[in-house]
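Trainee: everything below, folded, please.
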Amino acid sequence: PPPSCGVGTLLSTPAAATSSSPSSSSAASSSSPGSRKMVVSAEMCCFCFDVLYCHLYGYQQPRTPRFTNEPYPLFVTWKIGRDKRLRGCIGTFSAMNLHSGLREYTLTSALKDSRFPPMTRDELPRLFCSVSLLTNFEDVCDYLDWEVGVHGIRIEFINEKGSKRTATYLPEVAKEQGWDHIQTIDSLLRKGGYKAPITNEFRKTIKLTRYRSEKMTLSYAEYLAHRQHHHFQNGIGHPLPPYNHYS
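Mentor: This is a model prediction of the structure:
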């Protein structure tokens, strides 16, 4: 099954993560400010909405987008309603060309996240879409060598049955949950299926990779406004359902 994300969820191969949306139409990056130009963009979230809309209504898929097609590890997260409840999140640590990767994981996260039923048309106007591009992967020797709110972490460990397991949290998760380093590590271990007592000695056996991310979130209302303003870029050619102000 594809890797999924969400508080309390693990990954197998290649990855699963937790993701929560920042305020709508915002971009967040854990890279050093000014170090390089942001790659993630609102157009990527719009493309994800386009792909989902066309699938749900049985229309031809949208044309190739104009944003970069460079390869990146990526996650697509869907939240719903005013309280922004998680509705689906799946991604990959394998670098994929963004055009095909976002198209694939838009539908995978919306329709195949095993924790939720497949999305339906009536949910579309209440959705928020986040695109996370993962960067700056670094293997570290110390499982505490990462910064809460800055780094995402991926851990690899051997469980009590001798099987190798992996789990990840995106950079924003620990901070949003109010966790410190130990709480975050222990949460990942439990969600990875580790059932034995967690000792400091065991934590030291963990292989940890830290990484950063760029993230963009767009609400459905913002998607509509963007598409109306840039209608010439919209490759779907069909009327979109109105925003539900009472969701």
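Trainee: show me where pLDDT drops low in the chain?
Mentor: The model of the chain has pLDDT under 70 over residues 1-36, 230-247.
Trainee: what about the most centrally placed residue in the chain, which helix or strand?
Mentor: In the chain, the residue lying closest to the centroid (CA atoms, centre = their mean) is Phe75, at 3.4 Å. Assigned by DSSP states H and E, Phe75 belongs to strand 71-80.
Trainee: starting at the chain centroid, how far to that strand?
Mentor: Computed by CA atoms, centre = their mean, to the nearest Å, the chain-centroid distance of strand 71-80 equals 3 Å.
Trainee: right, and the helix or strand after that strand?
Mentor: Following strand 71-80 in sequence, per DSSP H and E, is strand 85-97.
Trainee: quick revisit: sheet partners, orientation included, of the strand holding Phe75?
Mentor: strand 85-97 (antiparallel), strand 127-140 (antiparallel) (DSSP bridges).
Trainee: got the buried residues for that strand?
Mentor: For strand 71-80, burial by neighbour count (16 or more other CB atoms under 10 Å) applies to Tyr72, Pro73, Leu74, Phe75, Val76, Thr77, Trp78, Lys79, Ile80. Quick note: C-beta positions are derived from backbone N, CA and C, even for glycine.
Trainee: wait, the fifth one sits on Cys129?
Mentor: Yes - the pair Val76 and Cys129 passes the contact test of CB atoms under 8 Å, sitting 7.1 Å apart.
Trainee: list residues touching both of the two?
Mentor: By the contact definition CB atoms under 8 Å, 6 or more residues apart in numbering, Val76 and Cys129 are jointly contacted by Cys48.
Trainee: can you map out the helices along this protein?
Mentor: Assigned by DSSP state H, the helices in the chain fall at 42-57, 98-111, 173-177, 181-191, 200-203, 220-229.
Trainee: compare the ones you listed and report which one is nearest to Lys164.
Mentor: For those, proximity to Lys164 was assessed by CB to CB; helix 181-191 is nearest, at 13.1 Å.
Trainee: quick one: residues in contact with the closest one.
Mentor: 8-10, 143-144, 146, 148, 153, 155, 157, 167-169, 173-174, 177, 179, 198, 203, 206.
Trainee: can I have the buried ones of these as a PyMOL selection?
Mentor: Here is the PyMOL selection string for the buried members of these, based on 16+ other CB under 10 Å:
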select buried, resi 9+10+143+146+148+153+155+157+167+168+169+173+174+179+203+206
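Trainee: so what's Glu214 closest to, chain neighbours aside?
Mentor: Spatial nearest neighbour of Glu214, excluding adjacent residues (CB to CB, 6 or more residues apart in numbering): Val40 at 4.1 Å.
Trainee: surely the one you found is in contact with Leu133?
Mentor: Yes - in this structure Val40 lies within contact range of Leu133 using CB under 8 Å: 5.1 Å.
Trainee: overlap in contacts of the two?
Mentor: Glu214, Lys215.
Trainee: who's Ile90 bridged to?
Mentor: Ser4, Val76.
Trainee: surely it touches Ser109?
Mentor: Yes - contact criterion CB under 8 Å: Ile90 and Ser109 qualify, at 4.1 Å.
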